[in-house]
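Student: coords please:
(4 chains)
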2 protein chains.
Amino acid sequence: MAWDTERTKRLLLDAATAEFSEHGLAGGRIDRIAAAAGVNKERIYQYFGKKDDLFAAVLGAQLRDSMDAVAMDGEGPEAAADYAGRLFDHHLLDGVIPRLVFWEGLERAELAVADQARAEYHHTKVERFRQMLPGLDHAGAGELLLTLVSLVNAWPVLSHLDTLMVGSPDRGEERVAARRAVLVRTIEVLARDAQERAAASA
Amino acid sequence: MAWDTERTKRLLLDAATAEFSEHGLAGGRIDRIAAAAGVNKERIYQYFGKKDDLFAAVLGAQLRDSMDAVAMDGEGPEAAADYAGRLFDHHLLDGVIPRLVFWEGLERAELAVADQARAEYHHTKVERFRQMLPGLDHAGAGELLLTLVSLVNAWPVLSHLDTLMVGSPDRGEERVAARRAVLVRTIEVLARDAQERAAASA
DNA sequence: AGCAATTCCAACTGATTGGTTGCAAAGGTT
DNA sequence: AACCTTTGCAACCAATCAGTTGGAATTGCT
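Tutor: The predicted model follows:
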């Protein structure tokens, strides 16, 4: 089974993704990652370097995947709202990205800001989002996209608040669908308002 | 200086608040807390029990404080938006609560859901919020308040995304004021929309 | 003064962790 | 077969950490 280094790397990256998503950077255990991947510990250091670098690799891969998987097309508030709904669905599949994003914000924010590739990634995303909402400038699109991303990512992480505030202990499909609808409506309303205000001040 | 046990407890709680806010539960160090408080380690176990219990005490105290400090009064979308703005200001003072809330969501969600006192706290808050927006039912108020809380708390934690997406590396006062305005406007628009929809379906 | 509770000091335990190293086995290449 | 790379195995190191314990000093109360 040797000689397939790509497979080894992928096994490690998958295991690391699950581990860091669950326990974060400080709480994530290298030994658990190696064991879950069925691969030996030293491979990690050989392929990814130190723990922190592995975390960065995990997050980078996830962001790349999500950018590919959730398309930004169409135009107008409904299209933006639809994008929010599809992003919500994609993040819900495993719930990995939202957790990773907040782990990063809490444990690694400074390093993320210094990452050139990340800056390009987000800048590109804002620009694409702006093209969906004619009339908005870059800053306006950024604000709304930040709101969108915050809401979509926060919900899986703050599921305990959802339970405590809206009160659905079971977290069944109905609750997911209900919150999804709220979110889609939220973005549609905000996008429309933003476009109207932009048009009015022009 | 002994004999003042309340002071000792408060010193420990303050130090623990800073420590857990910064590093979370897994990353927080008992030794650092004791050192920062200028108090000995064993006091922690004597007064608060294990690390996990201390974290719960920290968060409970912060939530109680914030409930007292940020009033929910007035009526209508503007009042709700004003509340969002004041909550934003209060959370920005130290940035402690947002981080604690997300640490909890990531590291302790199950325990929080099982906490009876927390359930009451949030239920009360939703009810008060509902009184600000006549026409909404409990679920509708809960959804909007969850949106509000998510946005207000996510921003300080996702400051790296703010920097990367809106692009204000310095994070000066202007940026804070700008985001605050977006947030206030967001809640006002959403509250108005929610009320209109509630009235229409009545 | 005598007593009880509070606190500090300092060492200790038992366990875990990130990261490293040396060596042998196994697969692929020439 | 000779050679190189990948991988597994297992032990190891130095550091760290949550939580405990015993004893001595300090303080307030009676």
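Student: quick one: residues contacting the residue nearest the centre of chain A.
Tutor: For chain A, the residue nearest the mean C-alpha position is residue A:97 (4.1 Å; C-alpha atoms, centre = their mean). By C-beta atoms under 8 Å, 6 or more residues apart in numbering or on different chains, the contact set of residue A:97 is A:62, A:63, A:66, A:90, A:91, A:153. Quick note: C-beta positions are derived from backbone N, CA and C, even for glycine.
Student: distance check, the fifth one against residue B:101.
Tutor: Between residue A:91 and residue B:101 the distance, using C-beta to C-beta, to the nearest Å, works out to 19 Å.
Student: which one's more surrounded, those two?
Tutor: Ranked by neighbour count (other C-beta atoms under 10 Å in any protein chain shown), residue A:91 and residue B:101 place residue B:101 first, with 26 against 21.
Student: the more buried one contacts residue A:154, correct?
Tutor: No - applying C-beta atoms under 8 Å as the test, residue B:101 and residue A:154 come out as separate, 9.7 Å apart.
Student: what is in contact with those two at once?
Tutor: residue B:153.
Student: please parse chain A into its domains.
Tutor: Under the assignment automatic domain parsing, the domains of chain A span A:1-55, A:70-200.
Student: quick one: the helices in chain A?
Tutor: Taking DSSP state H as the criterion, chain A contains helices spanning A:5-27, A:30-37, A:41-48, A:51-69, A:77-94, A:96-107, A:109-113, A:116-132, A:138-157, A:159-165, A:173-200.
Student: the first one vs helix A:77-94, what angle?
Tutor: What it means is helix A:5-27. Counting by axes from the mean of the first three to the mean of the last three C-alpha atoms, to 10 degrees, helix A:5-27 points 90 degrees away from the direction of helix A:77-94.
Student: same thing with the longest one?
Tutor: Regarding helix A:173-200 and helix A:77-94, their directions subtend 150 degrees when assessed with the same axes, to 10 degrees.
Student: and helix A:173-200 with chain B, contact?
Tutor: Yes - counting by C-beta under 8 Å from any C-beta of the partner chain, chain B is contacted by helix A:173-200 at A:178, A:179, A:182, A:185, A:186, A:189, A:190, A:193.
Student: stretch A:46-58 too?
Tutor: No - applying C-beta under 8 Å from any C-beta, one finds stretch A:46-58 out of contact with chain B, separated by at least 12.8 Å.
Student: follow-up on the earlier one: ok, so of the residues of helix A:173-200 next to chain B, who is nearest DNA strand C?
Tutor: Nearest to DNA strand C, judged by C-beta to the nearest atom of the strand, of the residues of helix A:173-200 next to chain B is residue A:179 at 34.0 Å.
Student: pLDDT wise, what is residue A:111 at?
Tutor: On pLDDT, residue A:111 comes in at 90.
Student: and for residue A:3?
Tutor: pLDDT at residue A:3 comes out at 56.
Student: do the same with residue A:168
Tutor: Model confidence at residue A:168, given as pLDDT, is 66.
Student: ok, the one 10 residues further on next?
Tutor: Reading off the per-residue confidence, residue A:178 sits at a pLDDT of 95.
Student: number of nearby residues for it?
Tutor: 15.
Student: what sits against it?
Tutor: Residues in contact with residue A:178 (C-beta under 8 Å, 6+ apart) are residue B:143.
Student: gap between it and residue B:155?
Tutor: According to C-beta to C-beta, residue A:178 stands 25 Å off from residue B:155.
Student: ok, residue A:70 next?
Tutor: Look at residue A:70 and residue B:155: by C-beta to C-beta, they are 23 Å apart.
Student: can you pick out the residue with more neighbours from those two?
Tutor: More neighbours surround residue B:155 than the other of residue A:70 and residue B:155, with 25 against 16 (other C-beta under 10 Å).
Student: quick check: the more buried one touching residue A:150?
Tutor: Yes - the criterion here is C-beta under 8 Å, and residue B:155 meets it with residue A:150 at 6.9 Å.
Student: residue ranges with poor pLDDT in chain A?
Tutor: A:1-4, A:168-171 (pLDDT under 70).
Student: nearest spatial neighbour of residue A:141, chain-adjacent residues omitted?
Tutor: residue A:130 (3.7 Å; C-beta to C-beta, 6 or more residues apart in numbering or on different chains).
Student: now residue A:193
Tutor: Using C-beta to C-beta, 6+ apart, the nearest residue to residue A:193 is residue B:189, at 4.9 Å.
Student: the one you found: what's it in contact with?
Tutor: Residue B:189 neighbours (C-beta under 8 Å, 6+ apart): A:189, A:190, A:193, B:77.
Student: next one: residue A:198
Tutor: A:135, A:136, A:137, A:140.
Student: return only those of these found close to DNA strand C.
Tutor: Subset of the contacts of residue A:198 in contact with DNA strand C: empty, counting by C-beta under 7 Å from any atom of the strand.
Student: from the residues you listed, keep the buried residues only.
Tutor: A:136, A:140 (16 or more other C-beta atoms under 10 Å in any protein chain shown).
Student: just the buried ones from the contacts of residue A:97, in PyMOL syntax?
Tutor: The buried subset of the contacts of residue A:97, as determined by 16+ other C-beta under 10 Å, is captured in PyMOL by this line:
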select buried, chain A and resi 62+63+91+153
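Student: restrict the contacts of residue A:97 to contacts with chain B.
Tutor: Restricting the contacts of residue A:97 to those adjacent to chain B (criterion: C-beta under 8 Å from any C-beta) gives residue A:153.
Student: out of the contacts of residue A:97, which is nearest to residue B:42?
Tutor: Closest approach to residue B:42 among those (C-beta to C-beta): residue A:153, at 40.2 Å.
Student: ok, so what distance separates the closest residue to the closest one other than its chain neighbours from residue A:91?
Tutor: Among residues not flanking residue A:153 along the chain, residue A:98 sits closest, at 4.0 Å (C-beta to C-beta, 6+ apart). To residue A:91, residue A:98 is 5 Å away according to C-beta to C-beta.
Student: what is in contact with those two at once?
Tutor: Taking C-beta under 8 Å, 6+ apart as the contact criterion, the common neighbours of residue A:98 and residue A:91 are A:152, A:153, A:156.
Student: and the last one, how many neighbours does it have?
Tutor: Other residues lying near residue A:156 total 20 when counted by other C-beta under 10 Å.
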